[in-house]
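Participant: sharing a model that was predicted from the sequence below.
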Amino acid sequence: MTTPSNQDLLERWVDQPAPLLPLLHALHERDGHLSEDALRFVGTALRIPIADLYGTVTFYHHFSREPGGRDRPRVCTGPVCSGRGAHRVIEELEAAGASPQSMPCPGRCDQPVPVLRGDAVQTGASMEALTGGPAPLPPPALPGVTECVFAGIREPDRARLAGYREGGGYAGLERAVRDLDPGGVLDLIDDSGLAGRGGAGFPTGRKWRAVREATGDPKTVVCNADEGEPGCFKDRVLMDYDPHAVLEGMAIAAYAAGASRGFIYLRYEYPDTLGVLERAIAEATEEGLLGDSILGTDFTFQVWVRRGAGAYICGEETSLLNSLEGKHPFPRNRPPFPVTHGYEDLPTVVNNVETLAAASHILANGAEWYRGLGMGDHAGTKLISLSGDIQRPGNYEVPFGLPLQTLLTEWAGGPADGRTVQAVTMAGLSGGFLAGDDLDVILRSRVVREVFPVSYRHATADGTLGGRCRA
Amino acid sequence: MIMTAAEAQTHCMTLDGVEVQFVEGETIYDVARRYHKDIPTLCYDERLEPFGGCRMCVVQVEGMRSPVASCTMPAAPDMVVQTQTHEIDSHRKTLLELLISENREVDVDPLRGYASQELATLVDAYDARTGRFEGGQSGATRDDDDNPFILRDYDLCISCYRCVRVCAEHEGDYAISIMNRGFATQITTEFNGLLKDSSCTFCGQCVQTCPTGALGDKKAMRHTDTPGEIEKTRTICPYCGVGCAVDLMTKGETIVGLQPAMDGPANEGALCVKGQFAYDFIQHPDRLKAPMVRGDDGELHETDWDTALDRAADGLKRVLEQHGRHSVYGVASGRAPCEAAYSMQKFIRAGFGTNYIDNCSRA
Amino acid sequence: MSNPLADMDKPTVIFCIGTNMTEAHPVAATRLKKAIANGAKLIVADPRRIGLADISDLYLPIRVGSDAALLLGMAHVIQREGLVNDVFMADRTTEGETFLEHVKQFTPEWAEGITGVPAADIEQAALWYAQAERGAIYYTLGITEHICGVDNVQSLCNLALMTGNIGREGTGINPMRGQNNIQGAGDMGALPNNYPGFQPVTDPKNQEKFEKAWGIKVDLEKGITKVTALDSCGDAIRAMIIDGENTVVTDPNRDHCEKALKSLDLLVVIDIFLTDTAKMADVVFPAAAWGEVDGTQTNTERRVQRLRKAIDPPGEAKPDWQILQMLAQRMGFQGFEHESAKDIFNEVCSLSPTYYGLDWDRIEHGEYQWPVPEKNHPGTPRLHEDGFINGRGIFKLINYRDPAEVIDDDYPVWLTTGRRLQAYHTRTQTGRSAGIDYLLPEEVLEVHPDDAAKWGLVDGEWAELASRRGKVEIKVRTTNRSPKGTVFASFSFADVPINALTGSGYDPVTQTAELKVCAVRVKPCKKGVL
């Protein structure tokens, strides 16, 4: 195969929406770095001032400007991996002459220590132990627990369209477009109590309705798959094992909000997920579940995946939108909000992966069903990524209302052998630590939001950190 | 969207306890400024889109948990805003202390640029403490840029990005941008090179909008030690026909620099490299200081005014007598003031009684 | 300019032709760039791939001197596609039907043959401009410094008239004036045909007005232009007084110009430096420079602004008006008893209908754009809003003419001249300002890399550039800004007197020299051979 020229790559992307990131990735992959020539070419072709383009490229962690830089190993030095041998792995790689770099958390905290090299991720506690392989499935649900987004995820072949449909997939979308008008979908989502699962907890129905009512076309649905909070890896497992649930949720959102185009903004650190999503989009489009005339109706919705390049801030929705548009990924001032001025300044739904996947299940099973998944008065469920000094790290779908202690001890098997839980950090490092009696909290959306204002999407039980504090 | 004041909807809000009016599209800061509220800013330049980066302009809005940046927050009907409270003041002071803890110096010479005193003025006003916070430093001075106009002293940069924004939004040159992130953030050109190797046109806009002196006017800074107070004289640029208003800066009888007039009707603060930096010709040693006449030796010699005027007048009279009024021709300057051109045409028309007059516009 | 500078960020379609605005009028260009950032489309017609072309939506690389053909082709398309603004034409113009008939012969394919611009691009430009909600034309010397300069300007007027793109915000026909006060010099009546305020000297009413005002007998006939005067030096013209112009360097055909000035019985020059022209004078008066005098200056949008004195002039230098007044008094002329620039300006206002509503104090803040016909008048930022000064806009039937000199076997290359950002005119000022040399140390001949290879030229080495009128040596720079077959240089550097080569012809109406086109030959040389 001949190496594609700049012009070949430009032609591949120039007429696509949001072309900058994929074109840069293509050049990055071809050359192993982003050369001055390549950037000058892109700047001229896409009419981006060269200084701006240079500034933007240098903002991203994973775009390399040095020859060979793309394939240099990057080793996670996030909070969990730092306590699990990350620095040893770096030293070993250095000794082997591989000139490793450290990188922020790439979302493999359940399998420390991840090393990203080109498009391959390997994990292991030492250089010798590094192996590839898919991310682990969530541990089985405890008896008597009904899951929502994880309900079908352990079924074999769930990632393929046939497998997904066999398990009842796309019934939610069918119900939406055949039995309900957009207003009906919005009412259903309102009734379910579904709120943003990315952290802010904004009511999903209200967001979709705001976009529907906003003026400006075309409207857009963006799936925020840039989960970058250290310790958080829940969206990855959803996308890897149940991608159609996410696509279905996006289509439902688009139908309800009146959108015709969709993007999945995927974080750079999930290279395998990119292929899974692209395959799923192709399958769904082939079957008339995405694209023109969805399920034989006049509803049209097209989805593209855009891969980030390593920037924590792009998990923030307005930075993400700037990144998608090829701009410097600074957050925007709000108001105006994305629901009126989002992608290309047009009305845009930005939802987290988990929120969209939940919407598919809610459409299929009803609002009452979803509300009933919570414990007591609490409605719905939440994915928690659990890692650190815990017996069974991984992703858990918990009902709201579950005590944190129950999750840690009964679900995840308690602290690692020979350890006691000293402290738990939730909602990322900026969420602070819980220790002692404070651990007796109930996982419920209101409390969690108030106690941990930044995010509540994962918890890390981390005895190592606590031990270090004691020392 | 172009909206006239008459078309825009008028609403009411409460500002520091007083009900005030505003029109749709105004920010809290816009309204507050109209009502002469003294809200501090650093990243704000009224010619640019509000950025909301420095957070100095925070105000308290009833019903909102945290203070909001007034420069980016649209005024809304029935909003209740406090622009100055103890909490807001202490918030602003802490922000300033965070900013200046990173800077090598705060008090910079005013010759560095038009806005160069903004940070120092606020530090004084809030009695903020330098060096309160320790830690990483962002911005590294580019001593290697040997251009003769723009000092790039990024040790003093506070990442307000006024330079980057003025270059893009006001000048349209897009020569500079922001590279990296976090503490590694730095103002850069394409590929982090020298200004002269970028699309920089040396218009000096970035220098004049910099609120800390991180960017400095190297030519003006030659006169830092020249004795005397800086005086500014409002005049109009002597180069092209756009007619940019400028403030010529002098110390005594020495021209020490030039700054754009931010309210200049033709330029609104913009200038080009010629207008901004090419003023040394005025006090150049080559200037003619005395009249000159051609001597018998065929060379020009300095002389006094009487001699030169007589020589010219006698010559003109002789030509007039010998060849008639249509033998004398006057060329007025398109560079000198109107009064020079008027005088020249009057000299020819009223003096010689002809229309043998033109100016240099045909060249 | 028909429209104010503040209108420049408001067009939806911008048509720039013969203006290298980012270099010659950079601050005006900043406003256009704002319009573009707001979504306006930019069409650029220029032989060189100038900076504006880089940010354009449509670039029309016309052959030098073929502007009229391009504009006729565009008019043809607008007529053919039915995009004529019938209402505007009916209400505001005359001779329109004849014009629409006239342009039927000038197809875009015909225009392609002359301009070298693909017919499809000419059509696109015409469609964008004609369909624009607000279409604005900007031009500079690239349009006027031709033997057909008047035709070119008239062709632009025709386009504006047929589409109604004039007299409204963000539209208009907007020439950018090159010198700080060239507008003012014209306003002041420093023209052979007009008294101050563009009052024709041949109109008996005006003659009477100025005879009364000045208490003298005026000339009833128009004067001659400077170009004609230079041609008559040593013959009919025996004495010349030149204020602040380096004639021998800025004017075309330097050789001819020097001979003319040498043949005078008396040359008096007023200047701030001993320029090449001043060196030829019999008497040189030292003028006060910018920053040393009070006065007024009128910009390209007709805005009258005050110049203020900040420092004293050096030695015995004096303001130009004072020098002329002293000389007038020495000559025994009457009416030269002014005490200040203010006195003179107020006299101008009393005599000029365009400045009549102004006075020295009223222009303190520079908010007025002429005409200001009476005392309480707010000024006129935008011309032709309610009607044209002479009634209706008149269409003119233009035909394309070749430049005075076209390339041939002896002189096979087009030379075009222009400005560079960092240098002003002959560098009497920019050349004496510290730091400018860092950006622009020397003049270069811009040559397309393919041409350079073909002609044996090497980037950074020297070439001999020759026309029928002269030769210069110049350093070569290869660049894609120059089209193949055309080279470019500015006349800013005294050691590369490009105007030794130019001067092939003049516009018959304005006598503006065709500085934008001449035929040359280029060959490599060693420096110092000439």
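Facilitator: Okay, I see it.
Participant: for the rest of this, base every contact and every neighbour count on C-alpha atoms.
Facilitator: Will do.
Participant: residues in contact with residue 333?
Facilitator: Because you didn't say which chain, this covers chain A. Neighbour list for A:N333: B:F51, B:G52, B:T72 [criterion: CA atoms under 8 Å, 6 or more residues apart in numbering or on different chains].
Participant: you answered for a different chain; I wanted chain B.
Facilitator: So B:S333 contacts B:A340, B:A341, B:N359, B:C360, C:I182, C:A185, C:I242, C:D243, C:G244, C:E245 (CA under 8 Å, 6+ apart).
Participant: for C:Y506, list each beta-bridge partner.
Facilitator: For C:Y506, the beta-bridge partners under DSSP bridges are C:A513.
Participant: so what are the domain limits for chain C?
Facilitator: Domains of chain C are assigned by automatic domain parsing as C:5-176, C:182-351, C:413-524.
Participant: please apply the same query to chain B.
Facilitator: Taking automatic domain parsing as the criterion, chain B consists of the domains B:10-84, B:99-277, B:292-362.
Participant: can I get those in TSV with distance to A:S385 and mean pLDDT?
Facilitator: Output for the domains of chain B, formatted as TSV (distance: least, CA to CA, whole Å; pLDDT from 0 to 100):
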stretch	distance to A:S385	mean pLDDT
domain B:10-84	29	96
domain B:99-277	27	95
domain B:292-362	74	95
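Participant: returning to what we had before: can you list the domains of chain C in CSV and add mean pLDDT and mean neighbour count?
Facilitator: Formatted as CSV, these follow (pLDDT from 0 to 100; neighbours: other CA atoms under 10 Å in any protein chain shown):
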stretch, mean pLDDT, mean neighbour count
domain C:5-176, 95, 22
domain C:182-351, 95, 22
domain C:413-524, 91, 21
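Participant: and the strands in the stretch 251-400 of chain A?
Facilitator: Using DSSP state E, counting those that start in this stretch, the strands of the stretch 251-400 of chain A run over residues A:259-266, A:302-307, A:348-352, A:381-388, A:394-399.
Participant: on that earlier part again, which of the contacts of B:S333 fall within helices?
Facilitator: Judged by DSSP state H, the contacts of B:S333 include B:A340, B:A341, C:I182, C:A185 as members of helices.
Participant: nearest to chain A among the residues you listed?
Facilitator: C:I182 (35.3 Å; CA to the nearest CA).
Participant: got the contact list for the residue lying closest to that closest one once chain neighbours are set aside?
Facilitator: Of all residues not flanking C:I182 in the chain, B:G334 sits nearest, at 4.0 Å (CA to CA, 6 or more residues apart in numbering or on different chains). By CA under 8 Å, 6+ apart, B:G334 lies in contact with B:A341, B:N359, B:C360, B:S361, C:Q179, C:N180, C:N181, C:I182, C:Q183, C:G184, C:A185, C:G244.
Participant: residues from chain A in reach of chain B?
Facilitator: A:36, A:49-52, A:54-56, A:58-60, A:333-335 (CA under 8 Å from any CA of the partner chain).
Participant: could those residues go into JSON lines alongside secondary structure and pLDDT?
Facilitator: Listed next are the residues of chain A next to chain B as JSON lines, based on DSSP: H, G, I helix; E, B strand; the rest coil; pLDDT from 0 to 100:
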{"residue": "A:E36", "secondary structure": "helix", "pLDDT": "97"}
{"residue": "A:P49", "secondary structure": "coil", "pLDDT": "96"}
{"residue": "A:I50", "secondary structure": "helix", "pLDDT": "97"}
{"residue": "A:A51", "secondary structure": "helix", "pLDDT": "97"}
{"residue": "A:D52", "secondary structure": "helix", "pLDDT": "97"}
{"residue": "A:Y54", "secondary structure": "helix", "pLDDT": "98"}
{"residue": "A:G55", "secondary structure": "helix", "pLDDT": "97"}
{"residue": "A:T56", "secondary structure": "helix", "pLDDT": "97"}
{"residue": "A:T58", "secondary structure": "helix", "pLDDT": "97"}
{"residue": "A:F59", "secondary structure": "helix", "pLDDT": "97"}
{"residue": "A:Y60", "secondary structure": "coil", "pLDDT": "97"}
{"residue": "A:N333", "secondary structure": "coil", "pLDDT": "93"}
{"residue": "A:R334", "secondary structure": "coil", "pLDDT": "90"}
{"residue": "A:P335", "secondary structure": "coil", "pLDDT": "92"}
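Participant: and those, which of them are buried?
Facilitator: A:P49, A:I50, A:A51, A:D52, A:Y54, A:G55, A:T56, A:T58, A:F59, A:Y60 (16 or more other CA atoms under 10 Å in any protein chain shown).
Participant: returning to that earlier point: which one (most neighbours) among the contacts of A:N333?
Facilitator: With neighbours defined as other CA atoms under 10 Å in any protein chain shown, the most crowded of these is B:T72; it has 24 neighbours.
Participant: which residues are in contact with it?
Facilitator: A:N333, A:R334, B:T27, B:I28, B:Y29, B:P50, B:F51, B:G52.
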